[in-house]
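*Asks:* Give me a model of this one.
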Amino acid sequence: MSEPQETICGYKVHPAASIFPLVEGEEFENLVYSIERFGLLEPIVFFDGVLVDGRNRLRAIEHLKSLGKWRDDIPRTEWEPQCKNTLSQWIYETNATRRHLTEDQRVAASACIVPLIEAENEAKQKATQFEKGKSGNPTGKAKEQAETKSSPPDKRDTKAKDANSTVGKVAARAGTSMHKARQAVALAKAEAAGHVPEGTLQQVASGALKLKDAIPQKPKRVELLDSDPDVDGDEPGDLKAKTDEIFRSAKYRLKSLGAWLRKTRAPSAEQDKLQTLLIPVRQLLRKAAKTLATQRIMKNKSRTV
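*Replies:* Numbering: from 1, shown residues only. Just a heads-up that it's a prediction; the model follows:
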């Protein structure tokens, strides 16, 4: 379920603008003082009645109004569609360059706006198609592009392929590494699949959570008991060493499982995975119990001899 649309001073806020955190505390007080002394240097930007830029400036003006220190109309302007950028792209670039954001915040915000940009590009593409019976296009189908002779892309050109991928675009927007971008995109997919709570990526973008702490960690894959020591036929002197080795292996698996559970923020959605991870632990404990039983039997035999 998507989060309700944010409103500021009675105005609906564009979802891309809501990705970025509101200024609070001393930073907000400085903004109020600046507007009171120098006026509003940048107008509030709207598009079709939706607030797209200037949430903090609008809040500061409303605060001054409540103190009786602002009586003028709020300077506002309308965003004009651009050929190069969609509205969400413009909002991201405007905020990312203006604010002092960390690398985690930039890349998380870049990943957050991916579905918004895709939806806007799709709507823009549909709007530019010729309508049936207009512009000399009776079928209503888009005209085929003229064929141009060009060399096929080099299959070894992985840089160009990466740059055109979702991860590459996220990294380019945020000015960060591909590794960080992959983490942010992976977190967005995990959130969409319900593996992490909704809004986790937004928390990273707001600075409330670090990216590395938000990504659900999986324990290292540990082989099952095929490689574990077999106690059948062992001499009594080797049983204690074998038992200690099995318990150490079980302890490692339990430690890995505990680390994974601490990182996972939606354990209810991971019950099947949890049961799978517990299988090798159960097997190890059974084997340890078998080893101890064998050890007792051997000790009893040695006493009766």
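*Asks:* could you say what helices and strands whichever strand or helix holds Q203 packs with?
*Replies:* Counting by DSSP states H and E, the element that carries Q203 is helix 200-206. Applying 3 or more CB pairs under 8 Å, 6 or more residues apart in numbering; DSSP states H and E, one finds that helix 200-206 contacts helix 103-112, helix 178-192, helix 211-214. (C-beta placed from N, C-alpha, C; glycine too.)
*Asks:* Out of those, indicate the one that is most buried.
*Replies:* Highest mean neighbour count of these: helix 103-112, a mean of 25 (counted as mean count of other CB atoms under 10 Å).
*Asks:* mind listing what's buried in the helix holding Q203?
*Replies:* Counting neighbours by 16 or more other CB atoms under 10 Å, one finds that the buried residues in helix 200-206 are T200, L201, Q202, Q203, V204, A205, S206.
*Asks:* now it: mean pLDDT?
*Replies:* Mean per-residue pLDDT for helix 200-206: 92.
*Asks:* By mean pLDDT, point me to the weakest helix or strand of the chain.
*Replies:* Lowest mean confidence among the helices and strands of the chain (mean pLDDT, DSSP states H and E): helix 236-263, at a mean of 64.
*Asks:* Which residue, neighbours along the chain excluded, lies closest to N85?
*Replies:* Spatial nearest neighbour of N85, excluding adjacent residues (CB to CB, 6 or more residues apart in numbering): E93 at 7.0 Å.
*Asks:* Got the confidence number for the one you found?
*Replies:* So, for E93, pLDDT stands at 91.
*Asks:* ok but it is inside a strand, no?
*Replies:* No. Under DSSP: H, G, I helix; E, B strand; the rest coil, E93 sits outside any strand and is assigned helix.
*Asks:* That one: neighbour count?
*Replies:* A total of 12 residues lie near E93 under the criterion other CB atoms under 10 Å.
*Asks:* related to what we said a few turns ago, between the helices and strands packed on helix 200-206, which one is nearest to A60?
*Replies:* The minimum distance between A60 and these falls on helix 103-112, with 21.7 Å, by CB to CB.
*Asks:* Who are the packing partners of the closest one?
*Replies:* Looks like helix 103-112 contacts helix 87-98, helix 166-174, helix 178-192, helix 200-206, helix 211-214 (3+ CB pairs under 8 Å, 6+ apart).
*Asks:* Go again with 10 Å.
*Replies:* In terms of contacts (3 or more CB pairs under 10 Å, 6 or more residues apart in numbering; DSSP states H and E), helix 103-112 is packed against helix 15-18, helix 87-98, helix 166-174, helix 178-192, helix 200-206, helix 211-214.
*Asks:* Let's have these in a markdown table, adding distance to I297.
*Replies:* Putting these into a markdown table (distance: least, CB to CB, whole Å) gives the following:
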| stretch | distance to I297 |
| --- | --- |
| helix 15-18 | 68 |
| helix 87-98 | 70 |
| helix 166-174 | 59 |
| helix 178-192 | 49 |
| helix 200-206 | 53 |
| helix 211-214 | 49 |
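*Asks:* So which of those helices is nearest R37?
*Replies:* Of all the helices and strands packed on helix 103-112, helix 87-98 sits nearest to R37, with 19.7 Å by CB to CB.
*Asks:* P21 reaches S206, doesn't it?
*Replies:* Yes. Shown here, P21 and S206 form a contact pair, counting by CB atoms under 10 Å, at 4.0 Å.
*Asks:* between the two, what contacts are shared?
*Replies:* Between them, P21 and S206 share these contacting residues under CB atoms under 10 Å, 6 or more residues apart in numbering: L101, Q105, A109.
*Asks:* ok, now how distant is the second one from S177?
*Replies:* Translated: Q105. 15 Å (CB to CB, to the nearest Å).
*Asks:* Could you do the first one as well?
*Replies:* Computed as CB to CB, the L101 to S177 distance reads 16 Å.
*Asks:* which of the two has more neighbours?
*Replies:* The residue with more neighbours, out of L101 and S177, is L101; 20 against 12, by other CB under 10 Å.
*Asks:* which SS state does the more buried one fall under?
*Replies:* Per three-state DSSP, L101 ends up coil.
*Asks:* Could you check how far it is from K290?
*Replies:* Per CB to CB, L101 is found 57 Å from K290.
*Asks:* just T7 next, same as before
*Replies:* For T7, the distance to K290 equals 64 Å [CB to CB].
*Asks:* do E24 as well
*Replies:* Noted for E24: a distance of 60 Å to K290, by CB to CB.
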